[in-house]
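Novice: Take this sequence and fold it.
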Amino acid sequence: MIHNDPWAFLRTHTAARIAQGRTGHSLPTRAMLDFQLDHACARDAVYSQLDTVTLRDQLNQVQGGTLLLHSQAPDRRQYLQRPDLGRRLDAQSTELVGANAGQYTEISLSIVLVDGLSATAVNRHAVPVLTGLVAESKRVGWATVPLCVVEQGRVAIGDEIAHGLGADLVVVLIGERPGLSSPDSLGAYLTYRPRPGLTDESRNCVSNIRPDGLPYDFAVQKLMYLLTEMSIRRLSGVDLKDEMPMHTLPDTSSRAVSAQTPETPD
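Specialist: Numbering: from 1, shown residues only. Here you go, the predicted structure:
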C-alpha cells in the first residue's frame, strides 16, 4: 500500500527531495526511479564536454576574437584527480593570452567561461549571462578584454587569464558541482585585480544561475552590482558584502534561488 506523505504540499515550494511518500518501509517505485535518473544526470554532467565550436561561434557574435584555452590537465581523468592542474594554463594557452594582452585607460573586464564540474551548465546557460554582462559593461563605459573559453579548468584559472590580459576585474562563469536536483547549475566567481595565487577569500560568488534557479536577467544585475562595488571600493572577496536591495529579487516562489557561496568547483 502506498502511503501519501502529509508534507507533500512542500514539494510545490522546493526541488529538494522531500515528501516522497512510502510503500511499506520503502520509497515508492516512482521516487526510486526519479532518484536513479537524477543521480545518472549528475554523473553525466561531471564527464560532459564543452561544445567549443558552438560556444565560440555564439561568443564571436557578441564580441569577436574569442580565445580557446586549455589548462595543464590533459584530459578529464587527470582533471578530476589533480585539481591543481586545472588551476593553471598550459604553455600554449599562456602564450596565446600573452599575445592578446592590452593596456586599458578605463576599467577593464575579463569574462572567462570554464567547464568546471559541469560543462552542461556552461553549454546551456553561459552565453545569455555573458551577453548581458558585455552589454552592461559597454553601457557603463568599461573595456572588455578578449572573451575566453577554457577546457578542463577550475575557478582560479580565471585569475591567471585576466592578469595576463591586463584586466582589472574578472568574472569566471563555471559549471558547479552537480546536485541531484541541479546537474546544470552555473556559478559566477568575481575578483578585483586578479592575479595567480589568489584563494577563495579573494572572490565573490553568485551561484545556481539557471532558469529554475537564479534567472539570467537577475544574475546579470547581481553581477554588475558586485563588479561596480569592486571598482569603487577596490576590493573583493570577504571584505565586500552583498548589499544589493532584495526588493529587486523576482518572484521565485517555485524556484531554488541562491546568491551565496556554494561548494566551490575546486
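Novice: Quick check on the residue nearest the centre of the chain: phi, psi?
Specialist: Taking C-alpha atoms, centre = their mean, the centroid of the chain lies closest to Gly187, which sits 2.4 Å from it. Per-residue torsions, Gly187: phi -110, psi 150 (degrees, to the nearest 10).
Novice: For it, give me the pLDDT.
Specialist: pLDDT recorded at Gly187 is 97.
Novice: Can you tell me how far it is from Tyr216?
Specialist: 14 Å (C-beta to C-beta, to the nearest Å). All C-beta atoms are positioned from the backbone trio N, CA, C, and that covers glycine.
Novice: hang on, the earlier thing: the residue nearest to the centre of the chain reaches Asn204, doesn't it?
Specialist: No. Applying C-beta atoms under 8 Å as the test, Gly187 and Asn204 come out as separate, 11.0 Å apart.
Novice: joint contacts of Gly187 and Tyr216?
Specialist: The contact sets of Gly187 and Tyr216 overlap at Ile209 (C-beta atoms under 8 Å, 6 or more residues apart in numbering).
Novice: returning to what we had before: which strand residues bridge the residue nearest to the centre of the chain?
Specialist: According to DSSP bridges, the partner residues bridging Gly187 are Ile174.
Novice: got a list of contacts for the helix ranked longest in the chain?
Specialist: When every helix of the chain is counted residue by residue (DSSP state H), the longest turns out to be helix 119-139. Here helix 119-139 makes contact (C-beta under 8 Å, 6+ apart) with 44-45, 48-51, 54-55, 58-59, 62-63, 109, 111, 113-116, 144, 147, 171, 173-176, 183-186, 188, 209-211, 216-217, 219-220, 223-224, 227.
Novice: buried ones in that helix?
Specialist: Residues 119-134, 136-137 are the ones in helix 119-139 that count as buried (16 or more other C-beta atoms under 10 Å).
Novice: Run the chain-centre distance for that helix.
Specialist: 10 Å (C-alpha atoms, centre = their mean, to the nearest Å).
Novice: Next SSE downstream of the helix or strand bottoming out on mean pLDDT in the chain?
Specialist: Here the helix or strand of the chain ranked lowest by mean pLDDT, DSSP states H and E is strand 2-3, holding a mean of 54. Once the chain leaves strand 2-3, the next helix or strand it forms, by DSSP states H and E, is strand 22-23.
Novice: Check which element follows that next one along the chain.
Specialist: Counting by DSSP H and E, what follows strand 22-23 is helix 29-46.
Novice: Using PDB, write out the CA atom coordinates for the following helix or strand past that following helix.
Specialist: Using DSSP H and E, the helix or strand that follows helix 29-46 in sequence is helix 52-62. Written as PDB, here are the backbone C-alpha positions of helix 52-62 (Å, rounded to 0.1, in the frame of the first residue of the first chain):
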ATOM      1  CA  THR A  52      33.600  24.700 -28.100                       C
ATOM      2  CA  VAL A  53      32.600  25.100 -31.700                       C
ATOM      3  CA  THR A  54      29.100  26.400 -30.900                       C
ATOM      4  CA  LEU A  55      30.200  28.500 -27.900                       C
ATOM      5  CA  ARG A  56      32.900  30.200 -29.900                       C
ATOM      6  CA  ASP A  57      30.500  30.900 -32.800                       C
ATOM      7  CA  GLN A  58      28.000  32.400 -30.300                       C
ATOM      8  CA  LEU A  59      30.600  34.400 -28.500                       C
ATOM      9  CA  ASN A  60      32.100  35.800 -31.600                       C
ATOM     10  CA  GLN A  61      28.700  37.300 -32.400                       C
ATOM     11  CA  VAL A  62      28.800  39.100 -29.100                       C
END
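Novice: what's helix 52-62 packed up against?
Specialist: helix 119-139, strand 148-151 (3 or more C-beta pairs under 8 Å, 6 or more residues apart in numbering; DSSP states H and E).
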